[in-house]
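*Asks:* Take a look and give me a structure for this.
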Amino acid sequence: MPGVQVCSLKVDTPQLIAPGTAYKIVRFPFGVAESKDPFEMHQAVQPDGYVVSDWATDDRSGLIWPSKAGWGHLHAMIQWEAASGMGGYSELRDQYVRDPLGLTPNPNDTTATEHRTPTPGGQFYVKNHGVFIDPGTPVALRVTHNDANPRLLTLAEFKLVIHDAA
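*Replies:* Numbers count the residues shown, from 1 in each chain. Take a look at the predicted model:
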């Protein structure tokens, strides 16, 4: 189908993110709980036949499987809870990644990695990046932090907009 195709995901169920250098996939609900997926890029029954039974515990719920090849604009909004008093985070990290679970021959192709220092007040971030995408390679949003304790990701949005590419 020609034209722009969009998948827009949102989660406001807090996700506990353990500290460390290993990035964690942000997970998103399916069906009526998701924002908008008219081109079926984020489904519990995935293109390779795998079925996600619980979005909150399965990293595959964080995958967007592009509906067509093209130029993809990735958008994310990330909100963190405040750092802990002792040993609080001094860095919040986020990135986009193609095939974070190694489901294709070219896994873990990261892009738009950002390391951020906390700001006074809330930790609310928006990021945008463009990449070529392919229907056989899922994309995801990943995060981590360096707090001494696990911290809550309190709100996240992840969107893919696919434009035709010549």
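
*Asks:* Mind giving me the packing neighbours of the lowest-mean-pLDDT helix or strand in the chain?
*Replies:* The helix or strand of the chain with the lowest confidence, counting by mean pLDDT, DSSP states H and E, is strand 109-116 at a mean of 93. Other elements packing on strand 109-116 under the criterion 3 or more C-beta pairs under 8 Å, 6 or more residues apart in numbering; DSSP states H and E are strand 92-98, strand 123-133. Where you see a C-beta, it was placed from the backbone N, CA and C, and this is true even at glycine.

*Asks:* how many degrees apart are the shortest one and strand 123-133 in direction?
*Replies:* Regarding strand 92-98 and strand 123-133, their directions subtend 20 degrees when assessed with axes from the mean of the first three to the mean of the last three C-alpha atoms, to 10 degrees.

*Asks:* and strand 92-98, which strands flank it?
*Replies:* With DSSP bridges as the test, strand 92-98 is paired with strand 109-116 (antiparallel), strand 139-145 (antiparallel).

*Asks:* Determine which stretch of the ones you listed is the most buried.
*Replies:* strand 139-145 (a mean of 24; mean count of other C-beta atoms under 10 Å).

*Asks:* right, and the helix or strand after it?
*Replies:* Next helix or strand after strand 139-145 toward the C-terminus (DSSP states H and E): strand 151-163.

*Asks:* Buried residues of that following strand, list them for me.
*Replies:* Arg151, Leu153, Thr154, Leu155, Ala156, Glu157, Phe158, Lys159, Leu160, Val161, Ile162 (16 or more other C-beta atoms under 10 Å).

*Asks:* and that strand, how far from the chain's centre?
*Replies:* 5 Å (C-alpha atoms, centre = their mean, to the nearest Å).

*Asks:* And it, what does it pack against?
*Replies:* strand 5-11, strand 15-17, strand 70-80, strand 139-145.

*Asks:* Might you list the low-confidence residue ranges for the chain?
*Replies:* Applying pLDDT under 70 to the chain flags residues 1-2.

*Asks:* what do you get if the cut-off is 90, keeping everything else the same?
*Replies:* 1-3, 21, 31-35, 82-89, 104-108, 117-122, 148-149, 165-166 (pLDDT under 90).
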